[in-house]
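**Q** Pasting the sequence and the predicted coordinates here, then a few questions.
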Amino acid sequence: MNSIDYYKEQYERDRVCIEAILDECLTPPRGFEQSKVWQAARYSALGGGKRVRPIQLLMACRIFGDDIPDTAYRFATAIEMIHSYSLIHDDLPSMDNDDYRRGQPSCHKVFGEGIAILAGDLLLNLAFETMLDSIGTMCSEAHWRAMRTVARSAGGRGMVLGQDLDLSMENDCFSSVTIEDVESMALLKTGSLIAGAIETAGHLCGASDEDLRDLRCAGQHLGLAFQIRDDILDGVELSNHFGKTRHKDERDGKKTFVTVAGREKAIALLSEHTDAAMDAFQRLEHRGKEVGVLKELTRRLMERTY
């Protein structure tokens, strides 16, 4: 089997596994099967998506060996729950105000704003329940570091702070916002959870400090490149599977890599950050790590049309 076929099969196996664990964890408590908040959480978390962050975690684990720790699958699923919660809240009228997500009506359009807020809260808390349950009573230092990485990536030093910066720029005129401002925001809002997923894999697998630095570096550049690709795709009609409203950034005056710096500059930055991520993977490869599948995932993410 060549490396591309192996990548495709492994990606699909990981995706199926993550969705099975999501389905299991999002089973409502007995007697509350009709609960709207559980229905809304299931609707959003199980309603499609590329599962990029959890699959990045699992593929990063494999560079340290084929035997992935059992807890890694639960940590990966927890990160997908956190990502899904952030999308529910981001789509709310008081935030990004989007009617569609993952090709279907946003959570608040189906269940109402109140239930959507609670569904996001449920997913965030369930993520930490899932990680803690996978650890049990034997919490090692590696588990503690992994969970701390997830928490910091998602919270007020990571994704949430990035969302705050995004909102704060909405009322700024374009002439006062620089590409550095956009990059700082995107590094937190999008890059933080992607970098956190990859770094978490290192902690769970007992990576050295040197390997952790390169995993973190790769993740940060990947996160920026991922957001730049999203910004580029917002303005073009390449696919019917984009999953959210097209041309919304331009329509709403959002400060993105494209609306602030232009499409050509955004494409150059995409290449720059993708190359920097690949350089970090190359350093890991020089130290004996098998990073071919991670490189292939990176290439496909940066060439995607949705």
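**A** Happy to help now that I have it. Residues are numbered from 1 along each chain as shown.
**Q** Which parts of the stretch 201-306 of the chain are helices?
**A** For the stretch 201-306 of the chain, the helices defined by DSSP state H, counting those that start in this stretch occupy 209-234, 248-252, 257-261, 263-286, 292-303.
**Q** who touches the residue nearest to the spatial centre of the chain in this structure?
**A** Per Cα atoms, centre = their mean, the C-alpha nearest to the average position across the chain is that of Arg53, at 4.4 Å. Neighbour list for Arg53: 76, 79-80, 83, 193-194, 197 [criterion: Cβ atoms under 8 Å, 6 or more residues apart in numbering]. For every residue, glycine as well, the C-beta is placed using N, CA and C.
**Q** Of those residues, just say which sits nearest to Gly288.
**A** Nearest to Gly288, judged by Cβ to Cβ, of the contacts of Arg53 is Ala197 at 22.4 Å.
**Q** What is the helix or strand encompassing Leu165 packed up against?
**A** Using DSSP states H and E, Leu165 sits in helix 159-169. For helix 159-169, the elements it packs on are helix 70-90, helix 179-189, helix 191-204, judged by 3 or more Cβ pairs under 8 Å, 6 or more residues apart in numbering; DSSP states H and E.
**Q** quick one, which of the ones you listed is nearest to His286?
**A** His286 sits nearest to helix 191-204 of all the helices and strands packed on helix 159-169, at 16.5 Å, using Cβ to Cβ.
**Q** so how far is that closest one from its chain's centroid?
**A** 10 Å (Cα atoms, centre = their mean, to the nearest Å).
**Q** how about the nearest residue to Glu285, chain neighbours excluded?
**A** Nearest residue to Glu285, sequence neighbours excluded (Cβ to Cβ, 6 or more residues apart in numbering): Val291, at 5.0 Å.
**Q** just for the chain, where's the confidence low?
**A** Scanning the chain with the threshold set as pLDDT under 70 gives 1-3, 236-252.
**Q** Buried residues, stretch 128-147. List them.
**A** When burial is assessed from 16 or more other Cβ atoms under 10 Å, stretch 128-147 yields the following buried residues: 128, 130-131, 134-135, 142-143, 145-147.
**Q** just stretch 150-157 next, same as before
**A** Within stretch 150-157, the residues scored as buried using 16+ other Cβ under 10 Å are 150-151, 153-154.
**Q** same check, this time on stretch 216-229
**A** Residues of stretch 216-229 classed as buried: 216-229 (neighbour count, 16+ other Cβ under 10 Å).
**Q** can you put these in JSON lines and add distance to Tyr100?
**A** Below are these laid out as JSON lines (distance: Cβ to Cβ, whole Å):
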{"residue": "Arg216", "distance to Tyr100": "33"}
{"residue": "Cys217", "distance to Tyr100": "34"}
{"residue": "Ala218", "distance to Tyr100": "31"}
{"residue": "Gly219", "distance to Tyr100": "28"}
{"residue": "Gln220", "distance to Tyr100": "29"}
{"residue": "His221", "distance to Tyr100": "29"}
{"residue": "Leu222", "distance to Tyr100": "25"}
{"residue": "Gly223", "distance to Tyr100": "23"}
{"residue": "Leu224", "distance to Tyr100": "25"}
{"residue": "Ala225", "distance to Tyr100": "24"}
{"residue": "Phe226", "distance to Tyr100": "20"}
{"residue": "Gln227", "distance to Tyr100": "19"}
{"residue": "Ile228", "distance to Tyr100": "22"}
{"residue": "Arg229", "distance to Tyr100": "19"}
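**Q** Let me know the closest of those residues to Val160.
**A** Of all the buried residues of stretch 216-229, Gly223 has the smallest distance to Val160: 15.0 Å, by Cβ to Cβ.
**Q** Do I have it right that the closest one meets Thr190?
**A** Yes. With contact defined as Cβ atoms under 8 Å, Gly223 reaches Thr190; the gap is 5.2 Å.
**Q** still on that earlier bit, check the offset of the helix holding Leu165 from the chain's centre.
**A** Its chain's C-alpha centre and that of helix 159-169 lie 16 Å apart, by Cα atoms, centre = their mean.
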